[in-house]
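Novice: model the structure of this input:
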Amino acid sequence: MIVSNTLFETEYPYNDSKIVVFGAPFDSTTSYRPGTRFASRTMRAESYGLEYYSPGQDFELTDVPFFDAGDLNLPFGDINQTLKIIESYTAEVMADDKFPLMIGGEHLLTLAPVRVAFKKYSDLALIHFDAHADLRDEYLGVTLSHASVVRRIYDLLGDDSIFQFGIRSGDKAEFDFAKEHTHLQLFDFSGLEEVIKKLHGRPVYFTLDLDVLDPSCFPGTGTPEAGGVTFLDLMKAAFKVFDGCKVIGFDMMELSPPYDPSGISTATALKLLREFLIRINSNLARR
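Specialist: Okay, the predicted model is just below:
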């Protein structure tokens with residue numbers, strides 16, 4: 001048997017796919033522990049070890065028409081050029097009426113697909129699962145940082161457009177800002193159903209920083225924070241977003257394989273990705 005080098009050994013071509021997955025291997029603004037640049041290639045290499053059948057959804061991932069575009073060739077150290085490359089590819093995918101799914105990489109990179117989506121959807125909203133608020137106006141004098149990505153997205157979307165869950169870390173200024181300008185839920189997903197109702201029919205970009213998970217089950221991330229959510233809580237909350245919102249793009253960020261040599265964090269990310277691909281496909285089919 002020959003093992004494919006694509007995610008979950010998918011063989012669907014681009015033209016036949018509803019979902020386009022691409023890796024964004026970049027972590028130049030990481031403030032604590034780098035390594036997220038290795039996430040997508042590690043997930044791709046390890047994905048053959050996961051069963052492709054989802055017993056919870058009673059569906060085979062092999063029946064989901066998704067295309068693995070591989071990793072974008074990003075210039076390490078050049079933030080602006082990296083964002084432009086991601087924007088360009090995301091724009092191609094969305095122009096072809098396909099669903100972009102990015103695997104990062106540091107969280108700053110979410111700014112790129114959001115910029116593209118905002119050009120298409122002027123009423124775009126953001127749902128953000130994370131341990132960190134990411135609302136700093138700058139970090140060490142730099143305004144483009146993984147610590148300020150949601151603040152830069154706020155600069156685009158404005159008030160009543162950003163909804164944050166699972167947050168348990170940030171400086172006081174970030175939480176003061178959130179009180180005035182975003183919906184921020186500490187520690188868990190309380191109030192998610194109400195937000196979903198509020199966003200009914202509105203286009204939503206959904207970004208998941210995997211460090212929302214508790215580091216006891218997900219140590220492989222650059223900035224672990226105690227007090228996170230469980231795998232099942234995260235999966236159920238994400239399903240609610242996919243089922244209840246008009247999600248037009250999604251990313252999974254901040255897996256850092258070097259910090260979990262056991263491979264458990266990569267396996268966790270892959271199982272989430274399997275479940276999400278199935279769920280996204282099911283919801284796209286109903287639109």
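Novice: need the three-state assignment for residue 180.
Specialist: State at residue 180, reduced to three classes by DSSP: H, G, I helix; E, B strand; the rest coil: helix.
Novice: what strand or helix carries residue 51?
Specialist: Using DSSP states H and E, residue 51 maps to neither a helix nor a strand.
Novice: against residue 233, how distant is it?
Specialist: In this view, residue 51 and residue 233 are 22 Å apart by Cβ to Cβ, to the nearest Å. C-beta: built from backbone N, CA, C; applies to glycine.
Novice: among those two, which residue is more densely surrounded?
Specialist: residue 233 (16 against 11; other Cβ atoms under 10 Å).
Novice: that one contacts residue 190, doesn't it?
Specialist: No. In this structure, residue 233 is not within contact of residue 190 by Cβ atoms under 8 Å, at 11.0 Å.
Novice: just the helices in the stretch 151-287 of the chain please.
Specialist: Remark: helices assigned in the stretch 151-287 of the chain by DSSP state H, counting those that start in this stretch are 172-181, 192-198, 231-244, 264-286.
Novice: and those, which is most packed in?
Specialist: Most buried of the helices of the stretch 151-287 of the chain by mean neighbour count (mean count of other Cβ atoms under 10 Å) is helix 264-286; its value is a mean of 19.
Novice: how distant is that one from the center of its chain?
Specialist: Its chain's C-alpha centre and that of helix 264-286 lie 11 Å apart, by Cα atoms, centre = their mean, to the nearest Å.
Novice: report the mean per-residue pLDDT for that helix.
Specialist: Taken as a whole, helix 264-286 has an average pLDDT of 97.
Novice: what about residue 287, how many residues close to it?
Specialist: Neighbourhood size, residue 287 [other Cβ under 10 Å]: 5.
Novice: spatially, what comes nearest to it if we skip its sequence neighbours?
Specialist: Excluding the flanking residues, the one nearest residue 287 by Cβ to Cβ, 6 or more residues apart in numbering is residue 246, at 8.0 Å.
Novice: tell me the pLDDT at the one you found?
Specialist: The predicted local distance difference test score for residue 246 is 98.
Novice: residue contacts, it?
Specialist: Applying Cβ atoms under 8 Å, 6 or more residues apart in numbering, we find residue 246 in contact with 199, 201, 202, 203, 204, 287.
Novice: my read is that the first one contacts residue 126, right?
Specialist: No. Counting by Cβ under 8 Å, residue 199 stays clear of residue 126, with 10.1 Å between them.
Novice: thinking again about what came up before, among the contacts of residue 246, which ones are in strands?
Specialist: Among the contacts of residue 246, the members found in strands (DSSP state E) are 203, 204.
Novice: got a quick ChimeraX command for the buried subset of the contacts of residue 246?
Specialist: Only the buried entries of those go into this ChimeraX selection, using 16 or more other Cβ atoms under 10 Å:
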select :199,203,204
